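Visitor: Coordinates only, no sequence provided:
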C-alpha cells in the first residue's frame, strides 16, 4: 500500500492583519504591520505596552450559532478560523465524512483570559468563588473541542501543546493521521489569545519581548512581540479531495520534527537544521528546490542568529539565494498559533507568487546574512515553500508545501 | 520581600551583588569575586533572567528592557561586570537608556 498524498484544500485565519485569509494575504503582500499599543488591558504600568491585537473581533455574525459566552477568546478565534477553512474547502461534513475527520488544534497557553479573570477575582478582589465555567473555558483542549462541536466532527479530536511549535506539530500529526489512514480529512491549526496582564508580566520577566516593535534578523532587534489569533488548514488525502471534486490549494509535501535536548530557552542550530532536513527528505525534495522560507524569525537575538546558522547548514550556497522572511514582523508572535498562521502565509505566497516581506528591518546583523526580503513583498514563482517553527524547550517542527 | 536601601559605598554594592550571584549559583559567597566568570558558576540563560529579577528587587532598580540593555545584561561575563552595571544603574546613568530608580515593590500577598 502506498502512502496517501496529503493536500491542503482550505485555509482560514483571524489575526492582527484582518478577520479572514483574504485580508491576511492582502496585508502580508502590502507589508502592513499589525503591531500597536495594547488596548485590551490597561498596560500603562507595564514594561511592555505593544502587541499585535485582533481588534473588532468577532465581526457581527461571525460566531452566530456558537454559544460564544461559554468560549474563551482563544476558542472563539479557533471556531471562526475553522468555519472559514471548511467553507473555503467546500467541505460538507455529513455523518460519514465527519466520522472520518480529525481535529488537531494547538495552543501554547490555552484560555488565558479566563484564567486571568478568575484569578483576579480571587487574589485581586478577595472573592472566594470564580465563574463556574472557568475550567472548560481555560483547558488547552477547549479550542479543539469547540471546533469539533461547532462543525459536528466526530473523528479523533485533540489539543496539542509544544509552546511556539504547537500548531506546527498539529500540522505534522494531521498529515501523519491521513497518511496512516486514521482519517480522510484533518482540520489542523492553532489558536492563541493571551493578551492579559498576568501573561504579560510573566513574559516581561523572561526579557525576550521587544519594547519598540518586532525586527526579525535586523541589527538592533530587541525581541519578540506577542500577537493573538487563530489559523486553520483543511488537510485531506488527495484521493478524498479528488473524489469530491475539490481542487487542492497545494500539496502538504513534507514534515520534520526534532528536539534539541539542549536548553529550555536557548535554541540550537543543530536541532533546527535536522528538522528542516527531515522535512525536505520527507517531501523527497533537494534543498535547492525550495523557493521561499517562512522563518520562525521571532526577532530575538538568539533565535534569529541560530536560525540563520541552521539555514546555512541545510541549504549551503542556496541559503543566499532563497528568500527568507519573518511574517511575525507583521502578525506578532502568536505562540501556539504562529506556525499554522505561517503555514497559511506559505499557501498564500505559493498561490499568489508573492514573497511576503520582513518589516521593520534596520540593517544587517553580522550573524544574520541572508536575504530577508526587507520592507517590501517581491514577486517570485514559488513551487516549494518551507515554514519553520522552533519552540522554547528546543521543540522543532518544519512543514514543506509544494504546488499541486 | 522588599530590600533595605542600597548600601552606600561601592564595596557594599559589589558584595551584595556577589551574594546574589552566589545564592543563585548555590555556592559560598566567599567564592565569588570580581573576576569570577558567571559561566564557571554554572549560571545559564534562565539563571540570568532570574538574577536580573533578584537584582532589581534587591536594589530597587530597573534593568531597562531596551535591546541594548537587556543584551548587555544577558551578556555579562563576570561577577565584577554585574556589580559595575548595578552601580551605574544606582547612579542613574552609565548605561544608555538605563538608570531609572524606582520604589521597592511592595510584598505581594
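Guide: Good, I have the coordinates. If you're wondering where the values come from, they're calculated on a predicted model, not measured in any experiment.

Visitor: which element follows the helix or strand harbouring residue A:201 toward the C-terminus?
Guide: For residue A:201, the host element (DSSP states H and E) is helix A:197-206. Counting by DSSP H and E, the next helix or strand C-terminal to helix A:197-206 is strand A:229-237.

Visitor: by contact count, what packs against that following strand?
Guide: With contacts defined as 3 or more CB pairs under 8 Å, 6 or more residues apart in numbering or on different chains; DSSP states H and E, the packing partners of strand A:229-237 are strand A:6-14, helix A:73-89, helix A:166-179, strand A:185-192, helix A:338-352. Heads up, the C-betas are built off the backbone N, CA and C, glycines and all.

Visitor: Including distance to chain B, could those go into a markdown table?
Guide: Listed next are these as a markdown table, based on distance: least, CB to the nearest CB, whole Å:
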| stretch | distance to chain B |
| --- | --- |
| strand A:6-14 | 29 |
| helix A:73-89 | 26 |
| helix A:166-179 | 21 |
| strand A:185-192 | 22 |
| helix A:338-352 | 21 |
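
Visitor: okay, those in a markdown table with mean neighbour count and mean pLDDT next?
Guide: A markdown table is the format used below for the helices and strands packed on strand A:229-237 (neighbours: other CB atoms under 10 Å in any protein chain shown; pLDDT from 0 to 100):
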| stretch | mean neighbour count | mean pLDDT |
| --- | --- | --- |
| strand A:6-14 | 28 | 98 |
| helix A:73-89 | 27 | 98 |
| helix A:166-179 | 27 | 98 |
| strand A:185-192 | 35 | 98 |
| helix A:338-352 | 27 | 98 |
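
Visitor: Ignoring the adjacent residues along the chain, who's closest to residue 31?
Guide: With no chain named, the answer covers chain A. residue A:357 (4.9 Å; CB to CB, 6 or more residues apart in numbering or on different chains).

Visitor: oops, chain B please
Guide: Using CB to CB, 6+ apart, the nearest residue to residue B:31 is residue B:22, at 6.8 Å.

Visitor: in the stretch 1-150 of chain A, what residue is nearest chain B?
Guide: Using CB to the nearest CB, the single residue of the stretch 1-150 of chain A nearest to chain B is residue A:47, 5.0 Å away.

Visitor: Residues in contact with stretch A:255-264: which ones?
Guide: Contacting residues not belonging to stretch A:255-264 are listed as A:169, A:171-172, A:175-176, A:267-268, A:270-272, A:274-282, A:392-400, B:44-46 [CB atoms under 8 Å, 6 or more residues apart in numbering or on different chains].

Visitor: Next: stretch A:63-80.
Guide: With CB under 8 Å, 6+ apart, stretch A:63-80 has contacts from A:12, A:14, A:19, A:54, A:57-58, A:62, A:105, A:107, A:110-114, A:133, A:136-138, A:142-147, A:150, A:189-194, A:228-230, A:232, A:337.

Visitor: Separate out the buried members of the residues you listed.
Guide: The neighbour count (16 or more other CB atoms under 10 Å in any protein chain shown) marks A:12, A:14, A:19, A:54, A:57-58, A:62, A:105, A:107, A:110-114, A:136-138, A:142-147, A:150, A:189-194, A:228-230, A:232, A:337 as buried among these.

Visitor: in chain A, which spans are helices?
Guide: A:21-30, A:73-89, A:95-99, A:112-119, A:134-138, A:142-151, A:166-179, A:197-206, A:238-243, A:269-282, A:301-315, A:328-331, A:338-352 (DSSP state H).

Visitor: I'd like the distance from the third one to the chain centre, please.
Guide: Between the centre of helix A:95-99 and the centre of its chain there are 27 Å (CA atoms, centre = their mean, to the nearest Å).

Visitor: shaky segments in chain A?
Guide: The model of chain A has pLDDT under 70 over residues A:1.

Visitor: Name the residues of it found near chain B, please.
Guide: For chain A, the contact set with chain B under CB under 8 Å from any CB of the partner chain comprises A:47-48, A:123, A:204-207, A:209-211, A:220-223, A:263-266, A:301.

Visitor: Just the buried ones from these, in ChimeraX syntax?
Guide: Applying 16+ other CB under 10 Å to those, the buried members can be selected in ChimeraX as follows:
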select /A:47,48,206,207,209,210,211,221,222,223,265,301
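
Visitor: sorry, back to before: in ChimeraX, how would I select the buried members of the contacts of stretch A:255-264?
Guide: Entered in ChimeraX, the line below selects the buried ones among those, by 16+ other CB under 10 Å:
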select /A:169,171,172,175,267,268,270,271,272,274,275,276,277,278,279,280,282,392,393,394,395,396,397,398,399,400 /B:45
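
Visitor: Can you list the low-confidence ranges for chain B?
Guide: B:1-11, B:66-71, B:93-109.

Visitor: what about residue B:84, which SS state?
Guide: The three-state label given to residue B:84 by DSSP: H, G, I helix; E, B strand; the rest coil is helix.

Visitor: if you skip the residues just before and after it, what's nearest to residue 18?
Guide: All of this refers to chain A. Closest residue to residue A:18 apart from its sequence neighbours, by CB to CB, 6+ apart: residue A:24 at 5.3 Å.

Visitor: I was after chain B.
Guide: Using CB to CB, 6+ apart and skipping residues adjacent in sequence, the residue nearest residue B:18 is residue B:32, 4.3 Å away.
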